[in-house]
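> How does the following fold in three dimensions:
(2 chains)
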Amino acid sequence: MVHRLTLTVATAALLAATAGPAPASAQELVFSSWGGAYQDAIRQAWLEPFMDATGIEVLEDTGPETAKVRAMVETSTVSWDVVTGGGATLMRGVGLDLFEPITPEMVDQSHLYEGARSAWGVPSEIFSTVFAFNTETFPASGAQPQTWADFWDVETFPGQRSVYDRPQTVLEAALLADGVALDDLYAVLSTSEGQDRAFAKLAELKPHVSVWWRSGAQPVQALASGEAVMALGWNGRFQAGLDNDLPLQMVWDGAIAQVGFFMIVKGAPNQDAAVQFLNYVAQPEAQSRFHQFIKYGPTTPQAWAFIPESEWALLPSSPQNIERSVFLDIEWWAENDSALMERYAAFLQN
Amino acid sequence: MASTVAPSAGLRLAAWAPLLAVAPTVVLLVVFFAWPVGGLLVNSLFDGGFNTAAYIRLVEAPVYRVALGNTLMIAGLVTALSIVMAYPLAYLMASTSRTMAQLLLFVVLLPFWTSALVRTTAWIVLLQRNGVVNDLLLGTGLVDQPVAFVYNLSGVLIGMTHVLMPFVVLPLYAAFRGFDRTLAQAAEGLGARPPSVFLRIVAPLTAPGVVAGGLIVFMNAIGYYITPALMGGPGQLMIAQLISYNIQENLDWAMAAALAIVLLATTLALFWVFQRFFGVDRLFGSSGLGSGGGGPIGGRHGGGRWALVVAGLAVGVFLIAPILVVFPMSLGKSPFLAFPPDEYSFRWFINFFETRKWLRALGNSLEVAVMAVTAATVLGTLAAIGLSRLGGRLRSVLESVVILPLIVPVIVLAVALYYAFAPLGLIGTTYGLALGHTLLALPFVVITVRAALKGFDPNLELAARGLGAAWPTIFRRIMLPAIWPGMAAGAVFAFIVSFDDVVVALFITNIRSRTLPKLMFEGIAHQIDPTIVAIAALLILVSLLVLLLNLVLTRSGRR
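So this is what the prediction gives:
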């Protein structure tokens, strides 16, 4: 049943693709994301090919704040069909019943990475929180940092650090630096001793942190300006630095993989078109396209068949990187974020 | 509206006129501000019975107390710094030639032609460890270690004072212009030394302007969160950051409502304490933002004057410093903003003109600003005139209502406005946004015009009426010239508020109606698009051209 329905959808998409020019009474789809290079990449990799393939006209909007989605849903003025967001956004929205459930009949997610699947959204890409260091400070001729333990080791690798001003991914990194194995991470972090341990480890590094960053561009800027010699940050931003010849190198050991999701807003006006679009995005071939525009990895292992191996080293979900990564546990964070955020903010005050 | 009331309508209508003048503003604020914001706060707190959990956490988790303390301390420091720095600059503006004054006014308003993002980026480029200032200090051997200017308290103070100081400079400049220059000269002639001239003559006479400006700065500073987040460190966490986090990311609106109510209560309490013990009314009582004698003040004040001039110029340099960095930065080739850039190119300027979205957003911004400035100036002036004729308790209550939009964090207003506008079909329109900006800008106009009215002698109006002048004539010939500087300052502030707003635009506009600041903040979680620096450079150039044109025209007009 599941397979037949998926097949039907796939066949429909195929038929539409081969049926020549789009019908005059074109369907519409309103897609809202965060603008900038990210939305440019989505447009090129998925929106435009999807329009060509189906004849559905995609209208774009920007700024899908969950608070705005909530206001739309509560006032019955939903004008967006598909919105994008990270794991935290997804879980908060689910808590407030802002998104349509994504059943296996609507989108088959069985071929996606297990840590990326969701019953409320379709994973669109995988990015990672890694750390990068300045290769002029730590050139290949000498010792170079390789693990989170090295990120914490200010004796061997002296210099200022830059760290996220939120607990997400930072507490994980602290525990990994303290010797916790990837597989045990959330078991340890779930105990209050484990949380104390993470904060104690972070307290060691705190005197050496010059920039507690808030927006993704800051850690790269801090490395570029010399404000820090090592920074925790998102691979896509460090990649932009690399592309502009900044002297930096990313460390993938202990990378914390995170998932970007596409969600259907509750009561979205064009749900059929939205389901078609999410199906389109989840296909391995479409998934293999995104990295050409922005260095994020596909959400299905089947996509690697379409991606040249020379690209794998810098993509978060590649076979060589995914096995030394851990998926950020978004359900765990949904439960613990408020309390940990309070503690983290208080910790940074002293 | 008051001005259209016929004089023949007699005493009964005249008694109602002040209320009629205040009415549009109050109705607007009640319908589109107090009602939606109050509704949002109450709903969030009473969601399923009275939600005490938020208050318990507020008391139990230390971070909230710390953030409240930070907020009040930073707002207080920024206000004090703004006032101290504004005095020499405003004095310089008032005592120099007309051309020079215009130039300085231009300098004061410069920060507003750049978005908050550009300003903070420029400051960071100047002040960071390897920044221009540290290079200078190290190069001249003044220090042997880079000074940590940013990502700490000094970063926040620099960034916020830079952008908020103009709110004191303008009213203070107006006060200085209305200042009877002979007073200071007489005092000096009688042997008063500069400190006592300042304390006994300058301070009391400029007090209304300073109080109006300081109030605006303090209230504004309390709600700031973008500048502290980017230029401060975690030690400078402010309450508005926590409110915005709870609304936008954590979606814990009960917590956000609790925080907003605590902030609101604290601010109002401070406002009332200040009014009671320091007598805002008494301060307001003396002459203020009037047109007064006009003309340059001062003359031969000797050494003290030179110190003031040097201090004034130093403040001018402070205002202009980050703007100067903007030009070379906008010509850099790398998307990682550096100063000086390694390679130069016009790519960001080309990007601005080739990508339609930027020009369109600029058009939207200007359209919204024109609507908001017009509405806020007209309504705010009427309300200020009305308020000045009301007495006692009613006036205090209405004044508090009018000031509310300054105190409530903008993010709360933005969300509340969505709920109010959605049923009216105003979401996604420039009209909706202009209405939102009018609400935000009204307090500025009311405060500055109220201050100006303090310097208006009511006997003039009585005399004119006794001579048989009709209200419209009285308004145009007598009142308008007196309050014109206050109106102008209010209109400028209204423009600034509208042109710089990100938060309301985020909720009210869509991709077609989005404004320049909203577009600038898009994708900011990922990157800063250097096109925004090019836009800032262009806006500064355009305003510079307008200034020069104005100078040339007035000069040739005078000949």
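> which bits of the stretch 201-350 of chain B sit near chain A?
B:229-230, B:233-235, B:237, B:242, B:245, B:247-252, B:255, B:334-338 (CB under 8 Å from any CB of the partner chain). C-betas here are computed from N, CA, C, even on glycine.
> so of these, which ones are in helices?
Cross-referencing these against helices under DSSP state H gives B:229-230, B:242, B:255.
> Neighbour count added to these, as TSV?
As requested, these are arranged in TSV below (neighbours: other CB atoms under 10 Å in any protein chain shown):
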residue	neighbour count
B:A229	23
B:L230	24
B:L242	27
B:M255	26
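> which two from those end up farthest apart in space?
Greatest spacing in these, by CB to CB: B:L230 and B:M255 (23.6 Å).
> Sticking with the closest residue to B:V169 other than its chain neighbours, tell me its helix or strand.
Spatial nearest neighbour of B:V169, chain neighbours left out: B:A86 (4.6 Å); criterion: CB to CB, 6 or more residues apart in numbering or on different chains. Per DSSP states H and E, B:A86 falls inside helix B:62-95.
> can you give me the mean pLDDT across that helix?
Mean pLDDT, computed over helix B:62-95, is 93.
> Then stretch A:246-262?
pLDDT averaged over stretch A:246-262 gives 97.
> can you check stretch B:317-325 too?
90.
> Give me the residues contacting that stretch.
Contacts of stretch B:317-325 with the rest of the structure, by CB atoms under 8 Å, 6 or more residues apart in numbering or on different chains, involve B:85, B:107-108, B:110-111, B:114, B:119, B:122-123, B:125-126, B:132, B:162, B:165-166, B:339, B:540.
> do the same with stretch B:504-515
The contact list for stretch B:504-515 (CB under 8 Å, 6+ apart) reads A:60-63, A:65, A:67-68, A:71, A:79, B:361, B:364-365, B:368, B:410, B:413-415, B:417-418, B:421, B:426-430, B:432-433, B:436-437, B:440, B:501, B:517-518, B:521.
> Can you report how many residues lie near residue 127?
Let's take chain A. Neighbour count of A:F127, defined by other CB atoms under 10 Å in any protein chain shown: 26.
> Chain B was what I was after
Counted with other CB under 10 Å, residues neighbouring B:L127 total 24.
> What distance do you get for it to B:V163?
Look at B:L127 and B:V163: by CB to CB, to the nearest Å, they are 15 Å apart.
> element containing the residue of the stretch 201-350 of chain A found nearest chain B?
Proximity of the stretch 201-350 of chain A to chain B (CB to the nearest CB) peaks at A:L348, 3.3 Å away. Using DSSP H and E, A:L348 maps to helix A:330-349.
> B:E367 too?
Element membership for B:E367 (DSSP H and E) is helix B:356-389.
> buried stuff in that helix?
Neighbour-count burial for helix B:356-389 flags B:358, B:360-362, B:364-365, B:367-369, B:371-373, B:375-389 (criterion: 16 or more other CB atoms under 10 Å in any protein chain shown).
> Who are the packing partners of whatever helix or strand comes next after that helix?
Once the chain leaves helix B:356-389, the next helix or strand it forms, by DSSP H and E, is helix B:392-407. Under the contact definition 3 or more CB pairs under 8 Å, 6 or more residues apart in numbering or on different chains; DSSP states H and E, helix B:392-407 sits against helix B:10-29, helix B:203-222, helix B:253-278, helix B:356-389, helix B:430-454.
> So which of those is nearest A:Q287?
Closest among the helices and strands packed on helix B:392-407, using CB to CB: helix B:356-389, at 28.0 Å.
> Who are the packing partners of the closest one?
For helix B:356-389, the elements it packs on are helix B:10-29, helix B:347-354, helix B:392-407, helix B:430-454, helix B:480-500, helix B:516-521, helix B:531-558, judged by 3+ CB pairs under 8 Å, 6+ apart.
> and the host helix or strand of B:L157, average pLDDT?
Taking DSSP H and E as the criterion, the element that holds B:L157 is helix B:153-164. Helix B:153-164 carries an average pLDDT of 94.
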